[in-house]
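Trainee: Pasting the sequence and the predicted model now:
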Amino acid sequence: MEDRQEQISQVVVTAVQMRNIEKRIFAAGMPVVALMEKVAGLIARRILEIFPTLLQNTFSIPPSLRGSPQAGGSRIGILVGPGHNGGDALVVARELHFRGYQVWIYSPFSKLKELTSQHLQYAQSLGISIYQTIEQLPDSDLLIDGLFGFGLERNLTDPIASAINQLNELSVPIYSIDLPSGLHTDTGEVLGTAIRATHTFCLGLWKLAFFQDQALEYLGKAELIDFDIPLADVEAVLQDVPRIKRITAAKALATLPLPRPAVTHKYKEGHLLLICGSRRYAGGAILTGLGARASGVGMLSIAVPESLKSLLVSHLPEALIVGCPETETGAIAHLQLPENTDLSSFNAIACGPGLTRDATPIVQEAIAVDGPLILDADGLNILAQMGAIATLKKRQAVSVLTPHTGEFQRLFPDVTDTKHDRVKAVQEAAAQSSAVVLLKGARTAIANPQGGVWIVPESTPALARGGSGDVLTGLLGGLLAQAATKQIPVEDIVVTAAWWHSQAGIIAAQERTELGVDAFTLTQYLLKALT
Ligand SMILES: NC(=O)C1=CN([C@@H]2O[C@H](COP(=O)(O)OP(=O)(O)OC[C@H]3O[C@@H](n4cnc5c(N)ncnc54)[C@H](O)[C@@H]3O)[C@@H](O)[C@H]2O)[C@H](O)CC1
Ligand SMILES: [K+]
């Protein structure tokens, strides 16, 4: 059983689920005011850690001067909304004031929740300046955004909307409490306008917004403030609802086919067939092969057009390169496997990179095989032409699709728009096609047909380059072939492949900048991500 912190760090919730979990905690007797004090105390402590004060030692300042300009403390502007997000912010304001920061408060709302109003009153009694209009605001070194949290229900309108726009224009870092104010908690959509946070403290459990494309530019660096939500409350609310989870390193690494048994042989470590490449796209075949090599798969066969055979052999001497008859355009005309092997002799088949659409019969042949199949790139485009859902429904064995957004739209034109809610879109696609669908992107999401979704929580724009996807297909194929021989659940191995691929990109970008991660280089960083 994973430890509590590991389980909590995987959970992703909607606003409604968070509200229901919060209700259980209050119903069990935890006073709201106590929870607010606990949460805001944790936030204040993190701010003290990560935002250097210009303070001398606070105890050297006479109490009468604490928080005053003479004290020399950093100037902190606290943005207070009408609800408990504002309440959190006011507790943070009070605590930073006592730590010697120069704190002021922006409180533009007249109607505040009771608890929020009490904290405002106490802040005022401490002599902390409170402003109602944006024009009055003094300079600051840091702003704390406590305007709205997961209680935001509708588009923001003026005056708060224009105030947020003006605050975004200041070149002052903004730390947001729970969510950048203005973001929809579930879809990450900007409701009118939103705070562009430098840093976001997500409270208690990760919200769905943190994994939606449109939110990413508003979140800044995100971290979870764990305030000891009992797992029992999470389970009670989420129950048998299909789970949306973050892929943690622990989760991804637990599935790797490591360590290997002392006694094994190459066929026990999986046999993968890659069907890829064309005269026009020779490189895709090489990159896919290199991705497969890095997976550790026991045996690797690569079917390419005959004219690519010697090229592949030179790059992948350990692989069995199958030169196939080719069309006049240089695509694979048909699969000519060595005698007494046929498509069912492989533990997994990965089909698509660099094939071109002239290889349609080959893709149809691969789809007809009753074994684990990964479709990518032209394999997906051809599947889309065939009608993805009807075609895949006929398959008994597991299908894994690895589309980017464009391919996804062609495959599943009738599901939720990925721009609106990627997670919902990929859930619907997997349910309708009975396939495991890996929707690539800044936050790659993997859905199984039962509605469960795993999300890669961090990646790098360095991977947005031709060939990155080919590497993933090879890596995933090699892992899937090994998983088949070891009864590792398919969904788990897809999750591990996606995490591994993004980790390699992150490490490569750290060492070579985001401009330095071409697909070949990426293949050279895959094993580094594990060591
Ligand atoms: N998750 C927890 O267990 C804890 C959460 N805390 C904090 O509480 C907020 C949620 O508080 P809530 O009062 O429900 O909502 P918000 O503070 O996010 O504010 C919404 C507030 O504003 C009104 N409102 C909604 N939409 C608009 C709009 N477009 N324009 C104007 N006003 C709007 C709405 O009526 C609400 O009153 C959570 O994020 C945490 O920060 C606890 O303090 C700690 C535990
Ligand atoms: K906020």
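Mentor: Alright, I've got the coordinates. Numbering: from 1, shown residues only. Ligands and ions are numbered 1, 2, ... in the order given.

Trainee: So which bits of the longest helix belonging to the chain are buried?
Mentor: If you go by DSSP state H, the chain has its longest helix at helix 490-512. Buried positions in helix 490-512, judged by neighbour count with 16 or more other Cβ atoms under 10 Å: 490-509. Using the backbone N, CA and C atoms, a C-beta is placed for each residue, glycine as well.

Trainee: ok, now stretch 210-220?
Mentor: 210-212, 214-216, 218-220.

Trainee: can you tell me which of these lies nearest to ligand 1?
Mentor: When the buried residues of stretch 210-220 are ranked by distance to ligand 1 (Cβ to the nearest ligand atom), Phe210 comes first, at 13.4 Å.

Trainee: can I get the buried residues of stretch 210-220 in a markdown table with secondary structure and distance to Val33?
Mentor: Converted to a markdown table, those look like this (DSSP: H, G, I helix; E, B strand; the rest coil; distance: Cβ to Cβ, whole Å):
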| residue | secondary structure | distance to Val33 |
| --- | --- | --- |
| Phe210 | helix | 27 |
| Phe211 | helix | 31 |
| Gln212 | coil | 32 |
| Gln214 | helix | 34 |
| Ala215 | helix | 30 |
| Leu216 | helix | 34 |
| Tyr218 | helix | 30 |
| Leu219 | helix | 28 |
| Gly220 | coil | 29 |
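
Trainee: Residue ranges in this protein under the pLDDT threshold?
Mentor: 1-2, 52-63, 65-72 (pLDDT under 70).

Trainee: Got the domain ranges for it?
Mentor: 4-241, 249-530 (automatic domain parsing).

Trainee: winner for burial among those?
Mentor: Comparing the domains of the chain by mean neighbour count (mean count of other Cβ atoms under 10 Å), domain 249-530 ranks first with a mean of 21.

Trainee: start to end distance for that one?
Mentor: 10 Å (Cα to Cα, to the nearest Å).

Trainee: Run the chain-centre distance for it.
Mentor: Domain 249-530 has its C-alpha centroid displaced from the chain centroid by 19 Å (Cα atoms, centre = their mean, to the nearest Å).

Trainee: which strands and helices sit next to the longest helix of the chain?
Mentor: Packing partners of helix 490-512 (3 or more Cβ pairs under 8 Å, 6 or more residues apart in numbering; DSSP states H and E): helix 249-255, strand 436-439, strand 445-447, strand 453-455, helix 468-486, helix 519-525.

Trainee: Could you figure out how far that helix is turned away from helix 468-486?
Mentor: Following axes from the mean of the first three to the mean of the last three Cα atoms, to 10 degrees, one obtains 140 degrees for the angle between helix 490-512 and helix 468-486.

Trainee: and whichever residue of the stretch 1-150 of the chain sits closest to ligand 1, which of the three is it?
Mentor: Proximity of the stretch 1-150 of the chain to ligand 1 (Cβ to the nearest ligand atom) peaks at Gly149, 1.7 Å away. Assigned state for Gly149: coil (three-state reduction, DSSP: H, G, I helix; E, B strand; the rest coil).

Trainee: wait, doesn't it sit right on Asn85?
Mentor: Yes: counting by Cβ atoms under 8 Å, Asn85 is a contact partner of Gly149 at 3.4 Å.

Trainee: Find residues that contact each of these two.
Mentor: Taking Cβ atoms under 8 Å, 6 or more residues apart in numbering as the criterion, Gly149 and Asn85 both touch 177-178, 181.

Trainee: Closest one to Phe26 out of the residues you listed, please.
Mentor: Asp178 (16.8 Å; Cβ to Cβ).

Trainee: In contact with the residue nearest to the closest one when sequence neighbours are not counted, which residues?
Mentor: Spatial nearest neighbour of Asp178, chain neighbours left out: Gly149 (3.7 Å); criterion: Cβ to Cβ, 6 or more residues apart in numbering. If you count contacts by Cβ under 8 Å, 6+ apart, Gly149 has them with 81, 83-85, 88, 177-179, 181, 203.

Trainee: Those in helices, which ones?
Mentor: 84-85, 88.

Trainee: out of these, who's near ligand 1?
Mentor: Near ligand 1, judged by Cβ under 6 Å from any ligand atom, the entries from the ones in helices among the contacts of Gly149 are 84-85, 88.

Trainee: Pick the one among these closest to Gln364.
Mentor: Asn85 (54.3 Å).

Trainee: Now for that closest one: which residues touch it?
Mentor: Applying Cβ under 8 Å, 6+ apart, the residues contacting Asn85 are 146-149, 151, 177-178, 181.

Trainee: which among these gets closest to Leu316?
Mentor: The closest of the contacts of Asn85, once distances to Leu316 are taken by Cβ to Cβ, is Asp178, at 49.3 Å.

Trainee: Look up how far Ile195 lies from Gln132.
Mentor: Taking Cβ to Cβ, to the nearest Å as the measure, Gln132 and Ile195 are separated by 19 Å.

Trainee: Same question for Val363.
Mentor: 47 Å.

Trainee: for Glu169, same thing?
Mentor: For Glu169 relative to Ile195 (Cβ to Cβ), the value is 12 Å.

Trainee: which ones are touching the nearest residue to Phe26 once chain neighbours are set aside?
Mentor: Nearest non-adjacent residue to Phe26, counting by Cβ to Cβ, 6+ apart: Val32, 5.9 Å away. By Cβ under 8 Å, 6+ apart, Val32 lies in contact with 26, 84, 115.
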